[in-house]
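Q: Build me a model from this:
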Amino acid sequence: MIFKFLLHIELFVNPPKILYVCPILLTALQVFHSLPDFPKLPFPVVTTGTFDGVHLGHQAILKRLIETARRKNGTSVVITFHPHPRLVLQKGNAPVELLNTLDERIANLEKAGVDAVLVIPFTKDFSSWTSDEFISRVLVESIGTRSLVIGYDHQFGHNREGSFENLKLSGLSAGFEVEEIPAQDVDEVAVSSTKIRNALHNGDIETANQFLGYTYPLEGDVVHGDSLGRTIGYPTANIQVPDPNKLIPQNGVYAVSVHFNGQSLKGMMNIGTRPTVTQSGERRLEVNILNWSGDLYNKCIQIRLHKRIRNEVRFNSIEELKAQLGLDRLAADELLNTYIYE
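A: Sure thing, here's the model as predicted:
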């Protein structure tokens, strides 16, 4: 069975979307991108971190943050940073692979139920702030923190010299309380961003999704490809990934769901170099929507990876490739019957 439509996706980072409501009593997620923009709130309950992936370990902290804010009739606030600190501080050319773009991170924080997000631009100058400077200039002066929720063994400030004890002492003098989530409350989740990255590198999407608490996403615009696949009866689109920091999983064929205009559709995606039809070695990402046809060019869609079907291989002939693609399509269709799309 041949492809009816193949999408070419160029990954991107959308400009941040800020929802403006009441500057004092927040009724929906608000996103602020600088300290001066942050409003004065009656009772801010705050946590801070990079939250790349907003995985189950992060969600344990966010749950406690929101519970504390509701109990104290306050506003839950997440302080995070962009770009990721490793992109600014890392020496050498080793790749920095991120689980979330900034937009994805904000969307996940909103889904968790957070009231407000402050995205602090992370620069080398900011990285030199001491823990005392961060407490006084961010937590006290800019936000007016009344309660701070942190994970156990949390450290911050220049050279990570800030500690729970340092925060408690500062809180006593500045008028905010500090709540540290016990180690066992986070350890029982047994999740880390490193474990998730390793799973994605191995193509183990199911383990990655289990640790994330949601299906791993890729977002982008639909753009025209080189139409190489049309010459063999399979309309194809080549995928260029301009953002080197968004982690793309191991090469192979995946069962995915495709989301746009409020629709959630079945699909299959190939990540790889297409060795049967080209020797260029260029890594691309191709998506086929099952039982659907239409024009999605220049529209933004989201792909969620559910399960890896097989390795990418070089076939001896185009006919072998076409036969395997038909089997892949049937496998993806059957696998996706077990998933409920978000």
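Q: give me every residue that touches the spatially closest residue to I232 that is not a sequence neighbour.
A: Take I232 and drop its neighbours on the chain: the residue closest to it by C-beta to C-beta, 6 or more residues apart in numbering is I318, 5.1 Å away. For every residue, glycine as well, the C-beta is placed using N, CA and C. I318 makes contact with 232, 276-277, according to C-beta atoms under 8 Å, 6 or more residues apart in numbering.
Q: now, which of these sits nearest E133?
A: Comparing the contacts of I318 against E133 with C-beta to C-beta places V277 closest, at 56.2 Å.
Q: Can you find the helix or strand of this structure with the lowest average pLDDT?
A: Every helix and strand of the chain was ranked by mean pLDDT, DSSP states H and E. The lowest is strand 6-11, at a mean of 34.
Q: Sketch out the low-pLDDT regions of the stretch 1-150 of the chain for me.
A: Low-confidence segments of the stretch 1-150 of the chain (pLDDT under 70): 1-27.
Q: If we use 90, what do you get?
A: With pLDDT under 90 as the threshold, the stretch 1-150 of the chain has low-confidence stretches at 1-28, 57, 90-95, 130-132, 150.
Q: quick one, domains of the chain?
A: 6-12+203-336, 33-187 (automatic domain parsing).
Q: which one of those lies closest to I196?
A: Of those, nearest to I196 by C-beta to C-beta is domain 6-12+203-336, at 4.9 Å.
Q: how about the helices in the chain?
A: 56-71, 85-89, 102-112, 124-127, 131-134, 164-174, 183-187, 193-201, 205-212, 318-336 (DSSP state H).
Q: Identify whichever of those lies nearest to I248.
A: Per C-beta to C-beta, nearest to I248 of the helices of the chain: helix 193-201, 8.2 Å.
Q: Show me which positions of that closest one end up buried.
A: Going by neighbour count (16 or more other C-beta atoms under 10 Å), the buried part of helix 193-201 is 193, 196-197, 199-200.
Q: between the residues you listed, which is closest to E97?
A: Taking the buried residues of helix 193-201 together and measuring to E97 by C-beta to C-beta, the closest member is R197, at 6.1 Å.
Q: Return the residues in contact with that closest one.
A: Counted by C-beta under 8 Å, 6+ apart, R197 has contacts 97, 99, 247.
Q: neighbour-wise, which of these leads?
A: Using other C-beta atoms under 10 Å as the neighbour criterion, L99 leads the contacts of R197 with 23 neighbours.
Q: Now that residue. Nearest residue, chain neighbours left out?
A: For L99, ignoring the flanking residues on the chain, the nearest one in space by C-beta to C-beta, 6+ apart is G53 at 3.6 Å.
Q: same deal with K299?
A: Leaving aside its chain neighbours, K299 sits nearest to V222 (5.3 Å; criterion: C-beta to C-beta, 6+ apart).
Q: thinking again about what came up before, so the residue nearest to L99 touches T101, yeah?
A: No - using C-beta atoms under 8 Å as the test, G53 is too far from T101 to be in contact (11.2 Å).
Q: Roughly how far does the spatially closest residue to N209 that is not a sequence neighbour sit from S131?
A: Using C-beta to C-beta, 6+ apart and skipping the chain neighbours, the partner closest in space to N209 is T215 (5.2 Å). Using C-beta to C-beta, to the nearest Å, T215 is found at 37 Å from S131.
Q: L109 too?
A: Relative to S131, L109 is positioned 24 Å away (C-beta to C-beta).
Q: got the contacts of R197 as TSV, with distance to S257 columns?
A: Below are the contacts of R197 laid out as TSV (distance: C-beta to C-beta, whole Å):
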residue	distance to S257
E97	23
L99	18
L247	19
